[in-house]
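Quick one, what's the 3D model for this:
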Amino acid sequence: MEIKPIRSKADYEEALAEIERVWGAREGTLEGDRLDVLATLVEAYEQKHFPLDAPDPIEAIRFRLEQQGLDHRALVDVIGGRSRVYEVMKRQRALSIGMIRRLHERLGIPAEVLIRPVKGPRRRRAV
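This next block holds a predicted model:
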């Protein structure tokens, strides 16, 4: 396969097949370099054609806690007291800059995820 820009689904599938063929190639070899270039091209194509939305901040916090085998109690002193943790996790209180900094530092959650607006709780409308 000649290395060229990926402009169509057929190009994309061809590049994936070639990546599979050279997978595991040693770094610094011709096939290793080929793998690096193809992976970069595929990544650029996927970012353009299959973009992923950043997760909701609360969902990101829940996911990180689950990854680390922790529960909401681990957030006490990171977010604040137990009642503050409850309010944040129930989407009743927004994350402050201080909370975002501490969550980023202590749990490694990207700050750009945490600064996104939190989807608020659904409220019933008065009729």
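
surely E18 meets L38?
Yes. Between E18 and L38 there is a contact at 5.8 Å, judged by C-beta atoms under 8 Å. Just so you know, the C-beta spots here come from the backbone N, C-alpha and C atoms, and that holds for glycine as well.

Neighbour count: these two, which is higher?
In this view E18 and L38 are compared by other C-beta atoms under 10 Å, and L38 has more residues nearby, 21 against 17.

Test my guess that that one contacts R21.
No. Using C-beta under 8 Å, L38 is not in contact with R21, being 9.8 Å away.

What residues of stretch 61-74 count as buried?
Neighbour-count burial for stretch 61-74, counted by 16 or more other C-beta atoms under 10 Å, picks out I61, R64, L65, A74.

Any chance of these in TSV with pLDDT and secondary structure as columns?
TSV is the format used below for those (pLDDT from 0 to 100; DSSP: H, G, I helix; E, B strand; the rest coil):
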residue	pLDDT	secondary structure
I61	97	helix
R64	96	helix
L65	97	helix
A74	95	helix
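
In JSON lines: those residues, plus distance to G28.
Shown next, in JSON lines, are the buried residues of stretch 61-74 (distance: C-beta to C-beta, whole Å):
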{"residue": "I61", "distance to G28": "41"}
{"residue": "R64", "distance to G28": "35"}
{"residue": "L65", "distance to G28": "40"}
{"residue": "A74", "distance to G28": "43"}
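
Can you tell me which of those residues lies closest to I97?
For the buried residues of stretch 61-74, the closest approach to I97 (C-beta to C-beta) belongs to I61, at 15.6 Å.

From S96, how far off is the closest one?
From I61 across to S96, the span is 14 Å (C-beta to C-beta, to the nearest Å).

Assign the residue most central in space within the chain to helix, strand or coil.
By C-alpha atoms, centre = their mean, the chain has its centre lying nearest to A54, at 5.9 Å. Under DSSP: H, G, I helix; E, B strand; the rest coil, the three-state class of A54 is coil.
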